[in-house]
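# Kindly generate the corresponding structure for this input.
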Amino acid sequence: MERLSGDESALLAPSIEMELGGQALERWPRELFVTAEHATQALNYFLEHGKQDPALEWIRIDGFPRETVWEGREGREAWERVNRPKSDC
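Sure, this is the predicted structure:
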């Protein structure tokens, strides 16, 4: 069985920043990300069969550790003020 997202118990600390449609910035575990080949396999199977490929392991969106960096407009603006590169000042 190929691993698409990994075993929840084997996930490391969240480290990859993911912006969720401008609503929040979170950090997700690196192990959730896969090669283009695996992503293509998963997408093609879904488009052909209308469901997840059972040959791949899946983790629910609420089944892995994550950190919220900011949430909402005020949170984003406050984070940007603190984390703006010095050249932008």
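
# Report the buried residues of whichever helix in the chain runs longest.
Scanning the chain for the helix with the most residues, using DSSP state H, yields helix 36-49. Buried residues in helix 36-49, counting neighbours by 16 or more other Cβ atoms under 10 Å, are found at 38, 41-42, 45. Heads up, the C-betas are built off the backbone N, CA and C, glycines and all.

# closest to residue 62 among the residues you listed?
Checking the buried residues of helix 36-49 against residue 62 with Cβ to Cβ, the nearest one is residue 42 at 19.0 Å.

# The closest one and residue 66, how far apart?
21 Å (Cβ to Cβ, to the nearest Å).

# just residue 10 next, same as before
Taken as Cβ to Cβ, the span from residue 10 to residue 66 is 16 Å.

# These two: which is more packed in?
The neighbour comparison of residue 10 against residue 66 (other Cβ atoms under 10 Å) goes to residue 66, with 17 against 9.

# Restrict whatever helix or strand residue 26 lives in to CA atoms and write it as PDB.
Using DSSP states H and E, residue 26 sits in strand 24-28. Extracted C-alpha coordinates of strand 24-28, given in PDB (Å, rounded to 0.1, in the frame of the first residue of the first chain):
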ATOM      1  CA  ALA A  24      -6.000  31.400   8.500                       C
ATOM      2  CA  LEU A  25      -2.300  30.500   8.300                       C
ATOM      3  CA  GLU A  26      -1.500  27.100   9.800                       C
ATOM      4  CA  ARG A  27       1.600  24.900  10.100                       C
ATOM      5  CA  TRP A  28       1.100  21.200   9.000                       C
END
